[in-house]
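Participant: need the 3D shape of this:
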Amino acid sequence: MLITVSGPAGSGKSTLAASLAEQLDIEHVSGGDVFRELASERGLTPLELNRQAETDDSIDRDLDRRLRAVARERDALVLESRLAGWMAGDHADVRLWLDAPLSVRAERIADREQKTVQTAREETEARAQSEALRYREYYDIDIDDLSIYDLVVNTARWSPAGVRELVLTAVDSYHADADEGKHPVTDVSDEF
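Facilitator: Below you'll find the predicted structure:
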């Protein structure tokens, strides 16, 4: 089973994906880990590579190409990244979108990255705007269109364990041959 976990920064993607993979005893691939690997290959820190990505679209495209390849090559996987649902396309069995109010996400990011909540909020808003523009430009993806996702969860409403249990219930009751109602995802081309 290929499960994708998508959502904005601070929504709980990494926490859920790692927990799901452990519970289901399947591999977990993080877009953040793939990004850090890409940075290392280029002899850069992730922050340096992120800055370059703002003016060099080949960086985002390389990351996305790698995520699509992972989705095509593996049958049992939790794939986690902002656009995992889109990158996995129709290879995904279950597509999840996690979200939480910006105030909650900013607090989580501030705690994780040891910065002020205000700074985390400003950076998160700027990043979201920048990414939304790039997704639209590169792939004609409207990040606010959640119609491709099978389940959308506000992670501010449940504990991490509660989110995991909610998702496990959905995964346990998934019918592999029930394509009725599955929203097709336009293939994001590998040709750039």
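Participant: helices along the protein, start to end?
Facilitator: 13-24, 31-41, 46-53, 57-73, 84-88, 102-113, 117-139, 160-172 (DSSP state H).
Participant: mind listing what the nearest residue to R164 once chain neighbours are set aside touches?
Facilitator: Leaving aside its chain neighbours, R164 sits nearest to S19 (4.7 Å; criterion: C-beta to C-beta, 6 or more residues apart in numbering). (Each C-beta comes from the backbone N, C-alpha and C, glycine too.) By C-beta atoms under 8 Å, 6 or more residues apart in numbering, the residues touching S19 are P160, A161, R164.
Participant: nearest to D75, of those residues?
Facilitator: Within these, distances to D75 taken as C-beta to C-beta reach their minimum at R164, with 21.6 Å.
Participant: in terms of pLDDT, where does S173 sit?
Facilitator: S173 is assigned 91 on the pLDDT scale.
Participant: for it, give me phi and psi.
Facilitator: phi -100, psi 10 (degrees, to the nearest 10).
Participant: re the thing from before, which among the helices of the chain is found nearest to L146?
Facilitator: helix 84-88 (9.1 Å).
Participant: next, count neighbours for the nearest residue to A71 once chain neighbours are set aside.
Facilitator: Computed as C-beta to C-beta, 6+ apart, the closest residue to A71 that is not its neighbour in sequence is A88, at 3.7 Å. The number of residues packed near A88 is 25, by other C-beta atoms under 10 Å.
Participant: pretty sure A88 contacts I3?
Facilitator: No. Applying C-beta atoms under 8 Å, one finds A88 not in contact with I3, separated by 9.1 Å.
Participant: now do the shared contacts for those two.
Facilitator: Common neighbours of A88 and I3 (C-beta under 8 Å, 6+ apart) are L79, R95.
Participant: which secondary element of this protein has the worst mean pLDDT?
Facilitator: Within the chain, confidence by mean pLDDT, DSSP states H and E is lowest for helix 46-53 among all helices and strands, at a mean of 82.
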